[in-house]
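Student: Sequence and predicted model, in that order:
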Amino acid sequence: MFGIRFFAHTAACFFNERVAEFNDQVIDFKDIGGKATTILHSKLQEAKTPEQRVDLVDAFLLRRLSLNKFTRLKLVTSIMNDLGRDDFFENINSIAARYGVSSRYLQKIFLTYSGLSPNLFSKIMRFQKSIHLVSGKSSSLTTIAHQCGYFDQSHFIKDFKFFTGVAPSRFAPESSTDLFVALKN
(Lines give C-alpha, C1' and ligand atoms only; values in the text may rest on other atoms or scores of the structure.)
Protein backbone atom coordinates (compact mmCIF):
# COMPACT_ATOMS: atom_id res chain seq x y z
CA MET A 1 0.00 0.00 0.00
CA PHE A 2 1.22 3.47 -0.84
CA GLY A 3 -0.32 6.48 0.86
CA ILE A 4 0.00 10.21 0.31
CA ARG A 5 -0.72 12.80 2.96
CA PHE A 6 -1.27 16.41 1.92
CA PHE A 7 -1.25 19.55 4.00
CA ALA A 8 -4.88 20.35 4.70
CA HIS A 9 -5.09 23.25 2.26
CA THR A 10 -2.93 21.92 -0.57
CA ALA A 11 -4.84 18.83 -1.72
CA ALA A 12 -7.14 21.03 -3.82
CA CYS A 13 -4.16 21.86 -6.03
CA PHE A 14 -4.04 18.24 -7.23
CA PHE A 15 -7.71 17.34 -7.70
CA ASN A 16 -10.64 18.60 -9.72
CA GLU A 17 -13.12 17.36 -7.10
CA ARG A 18 -14.19 19.43 -4.12
CA VAL A 19 -11.84 18.57 -1.26
CA ALA A 20 -14.75 18.48 1.21
CA GLU A 21 -15.97 15.33 -0.57
CA PHE A 22 -12.90 13.51 0.76
CA ASN A 23 -13.51 14.32 4.44
CA ASP A 24 -13.61 11.29 6.74
CA GLN A 25 -12.83 8.87 3.91
CA VAL A 26 -10.01 6.82 2.50
CA ILE A 27 -10.15 7.26 -1.26
CA ASP A 28 -8.63 5.00 -3.89
CA PHE A 29 -6.94 7.45 -6.22
CA LYS A 30 -7.77 5.24 -9.22
CA ASP A 31 -11.45 6.05 -8.65
CA ILE A 32 -10.95 9.79 -9.11
CA GLY A 33 -7.74 10.27 -11.09
CA GLY A 34 -8.73 9.11 -14.56
CA LYS A 35 -6.50 7.49 -17.20
CA ALA A 36 -3.27 9.08 -15.95
CA THR A 37 -3.83 7.49 -12.56
CA THR A 38 -4.37 4.06 -14.10
CA ILE A 39 -1.03 4.42 -15.91
CA LEU A 40 0.67 5.56 -12.70
CA HIS A 41 -0.80 2.57 -10.86
CA SER A 42 0.71 0.09 -13.34
CA LYS A 43 4.09 1.83 -13.19
CA LEU A 44 3.99 1.69 -9.39
CA GLN A 45 3.32 -2.06 -9.52
CA GLU A 46 6.32 -2.53 -11.82
CA ALA A 47 8.68 -0.42 -9.68
CA LYS A 48 11.26 -2.49 -7.81
CA THR A 49 12.08 -0.17 -4.89
CA PRO A 50 10.23 2.26 -2.63
CA GLU A 51 12.48 5.03 -3.95
CA GLN A 52 11.33 4.35 -7.52
CA ARG A 53 7.71 4.52 -6.36
CA VAL A 54 8.30 7.83 -4.61
CA ASP A 55 9.98 9.22 -7.76
CA LEU A 56 7.03 8.12 -9.91
CA VAL A 57 4.50 9.72 -7.57
CA ASP A 58 6.61 12.90 -7.30
CA ALA A 59 6.73 13.25 -11.08
CA PHE A 60 3.00 12.54 -11.38
CA LEU A 61 2.03 15.09 -8.72
CA LEU A 62 4.39 17.73 -10.12
CA ARG A 63 2.72 17.34 -13.53
CA ARG A 64 -0.72 17.75 -11.94
CA LEU A 65 0.53 20.68 -9.92
CA SER A 66 1.81 22.48 -13.02
CA LEU A 67 -1.72 22.42 -14.48
CA ASN A 68 -3.22 24.39 -11.60
CA LYS A 69 -3.20 28.08 -10.76
CA PHE A 70 -2.47 29.13 -7.18
CA THR A 71 -4.03 32.55 -6.99
CA ARG A 72 -5.82 31.85 -3.72
CA LEU A 73 -3.48 29.30 -2.15
CA LYS A 74 -1.21 31.96 -0.64
CA LEU A 75 -4.22 33.66 0.97
CA VAL A 76 -5.51 30.39 2.45
CA THR A 77 -2.00 29.51 3.67
CA SER A 78 -1.70 32.87 5.45
CA ILE A 79 -5.11 32.51 7.06
CA MET A 80 -4.35 28.96 8.22
CA ASN A 81 -1.09 30.16 9.73
CA ASP A 82 -2.98 32.91 11.56
CA LEU A 83 -5.63 30.50 12.83
CA GLY A 84 -2.89 28.17 14.06
CA ARG A 85 -1.05 30.79 16.11
CA ASP A 86 -1.31 30.39 19.88
CA ASP A 87 -2.18 34.06 20.35
CA PHE A 88 -4.85 34.25 17.65
CA PHE A 89 -8.36 34.64 19.03
CA GLU A 90 -10.22 36.62 16.37
CA ASN A 91 -13.51 35.87 14.64
CA ILE A 92 -13.95 35.14 10.94
CA ASN A 93 -15.28 38.62 10.13
CA SER A 94 -12.17 40.31 11.52
CA ILE A 95 -9.92 37.87 9.66
CA ALA A 96 -11.74 38.57 6.39
CA ALA A 97 -11.49 42.33 6.97
CA ARG A 98 -7.75 42.08 7.64
CA TYR A 99 -7.22 40.30 4.33
CA GLY A 100 -9.56 42.61 2.42
CA VAL A 101 -12.15 39.98 1.49
CA SER A 102 -15.72 39.32 2.53
CA SER A 103 -16.36 36.68 5.17
CA ARG A 104 -18.47 34.74 2.65
CA TYR A 105 -15.58 34.70 0.13
CA LEU A 106 -13.15 33.67 2.88
CA GLN A 107 -15.42 30.77 3.84
CA LYS A 108 -15.75 29.71 0.20
CA ILE A 109 -12.03 29.62 -0.62
CA PHE A 110 -11.16 28.07 2.72
CA LEU A 111 -13.65 25.26 2.12
CA THR A 112 -12.39 24.85 -1.45
CA TYR A 113 -8.76 24.46 -0.43
CA SER A 114 -9.08 22.65 2.91
CA GLY A 115 -12.44 20.91 2.86
CA LEU A 116 -13.19 22.57 6.20
CA SER A 117 -14.84 25.78 7.27
CA PRO A 118 -12.53 28.31 8.93
CA ASN A 119 -14.50 27.87 12.18
CA LEU A 120 -14.03 24.08 12.19
CA PHE A 121 -10.34 24.45 11.34
CA SER A 122 -9.94 26.93 14.20
CA LYS A 123 -11.80 24.58 16.54
CA ILE A 124 -9.47 21.72 15.55
CA MET A 125 -6.39 23.89 16.16
CA ARG A 126 -7.66 24.88 19.62
CA PHE A 127 -8.44 21.26 20.41
CA GLN A 128 -4.95 20.15 19.38
CA LYS A 129 -3.44 22.66 21.76
CA SER A 130 -5.84 21.70 24.55
CA ILE A 131 -5.16 17.97 24.24
CA HIS A 132 -1.48 18.56 24.94
CA LEU A 133 -2.28 20.75 27.94
CA VAL A 134 -4.90 18.35 29.35
CA SER A 135 -2.50 15.43 28.94
CA GLY A 136 0.15 17.33 30.86
CA LYS A 137 -2.25 17.62 33.80
CA SER A 138 -0.34 20.64 35.09
CA SER A 139 -3.05 23.31 34.72
CA SER A 140 -6.66 23.69 35.75
CA LEU A 141 -9.36 23.30 33.10
CA THR A 142 -10.21 26.99 33.40
CA THR A 143 -6.58 27.94 32.74
CA ILE A 144 -6.39 25.54 29.78
CA ALA A 145 -9.65 26.92 28.38
CA HIS A 146 -8.32 30.48 28.48
CA GLN A 147 -4.90 29.49 27.07
CA CYS A 148 -6.66 27.87 24.11
CA GLY A 149 -8.86 30.88 23.37
CA TYR A 150 -12.12 29.78 24.95
CA PHE A 151 -14.11 32.42 26.80
CA ASP A 152 -15.27 29.97 29.42
CA GLN A 153 -14.66 26.46 30.69
CA SER A 154 -18.08 25.12 29.60
CA HIS A 155 -17.42 25.96 25.92
CA PHE A 156 -14.03 24.26 26.18
CA ILE A 157 -15.56 21.14 27.75
CA LYS A 158 -18.24 20.99 25.04
CA ASP A 159 -15.63 21.12 22.24
CA PHE A 160 -13.37 18.63 24.02
CA LYS A 161 -16.28 16.16 24.31
CA PHE A 162 -17.08 16.72 20.63
CA PHE A 163 -13.60 15.52 19.61
CA THR A 164 -12.90 12.84 22.24
CA GLY A 165 -16.30 11.73 23.51
CA VAL A 166 -15.31 12.41 27.12
CA ALA A 167 -14.90 15.42 29.37
CA PRO A 168 -11.32 16.69 29.80
CA SER A 169 -11.39 15.71 33.48
CA ARG A 170 -12.07 12.07 32.47
CA PHE A 171 -9.66 11.97 29.55
CA ALA A 172 -6.82 9.47 29.80
CA PRO A 173 -4.38 9.78 26.88
CA GLU A 174 -2.86 6.39 27.59
CA SER A 175 -6.21 4.70 26.91
CA SER A 176 -6.74 6.46 23.58
CA THR A 177 -4.24 5.01 21.12
CA ASP A 178 -4.92 7.47 18.28
CA LEU A 179 -4.51 10.48 20.52
CA PHE A 180 -1.56 8.98 22.38
CA VAL A 181 0.33 8.48 19.12
CA ALA A 182 -0.47 12.07 18.10
CA LEU A 183 0.85 13.36 21.42
CA LYS A 184 4.18 11.58 21.00
CA ASN A 185 4.83 13.32 17.66
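Tutor: Happy to help now that I have it. Here the structure is a predicted model, which is why all the values come from computation and not from measurement.
Student: where in the chain is pLDDT low?
Tutor: The chain contains residues with pLDDT under 70 at 8-9, 15-18, 67-71, 86-89, 174-185.
Student: ranges for the helices of it?
Tutor: 30-46, 50-66, 73-84, 92-99, 103-114, 118-136, 141-147, 153-164, 177-184 (DSSP state H).
Student: ok, the nearest residue to Pro118 once chain neighbours are set aside - how many residues close by?
Tutor: With CB to CB, 6 or more residues apart in numbering as the criterion, Pro118 has its nearest non-adjacent residue at 4.8 Å, and that residue is Phe110. Just so you know, the C-beta spots here come from the backbone N, C-alpha and C atoms, and that holds for glycine as well. Neighbour count for Phe110, taken as other CB atoms under 10 Å: 26.
Student: Show me how this structure divides into domains.
Tutor: Per the record, the chain has its domains at 11-66, 73-116, 120-184, by automatic domain parsing.
Student: Show me which residues of stretch 104-118 are buried.
Tutor: Leu106, Gln107, Ile109, Phe110, Leu111, Tyr113, Ser114, Gly115, Leu116, Ser117, Pro118 (16 or more other CB atoms under 10 Å).
Student: coming back round to it: and Ile4, which of the domains of the chain is closest to it?
Tutor: Among the domains of the chain, the nearest to Ile4 by CB to CB is domain 11-66 (6.7 Å).
Student: just to revisit the earlier point, ok, the residue nearest to Pro118 - contacts?
Tutor: By CB atoms under 8 Å, 6 or more residues apart in numbering, Phe110 lies in contact with His9, Val76, Ile79, Leu116, Ser117, Pro118, Phe121.
Student: one more time with 10 Å, if that's ok
Tutor: Contacts for Phe110 (CB atoms under 10 Å, 6 or more residues apart in numbering) come out as 8-9, 72, 75-76, 79-80, 83, 92, 95, 116-121.
Student: do the same with Thr37
Tutor: Going by CB under 10 Å, 6+ apart, the list of residues near Thr37 reads Asp28, Phe29, Lys30, Asp31, Phe60, Arg64.
Student: any idea how far the last one lies from Ala11?
Tutor: Meaning Arg64. 11 Å (CB to CB, to the nearest Å).
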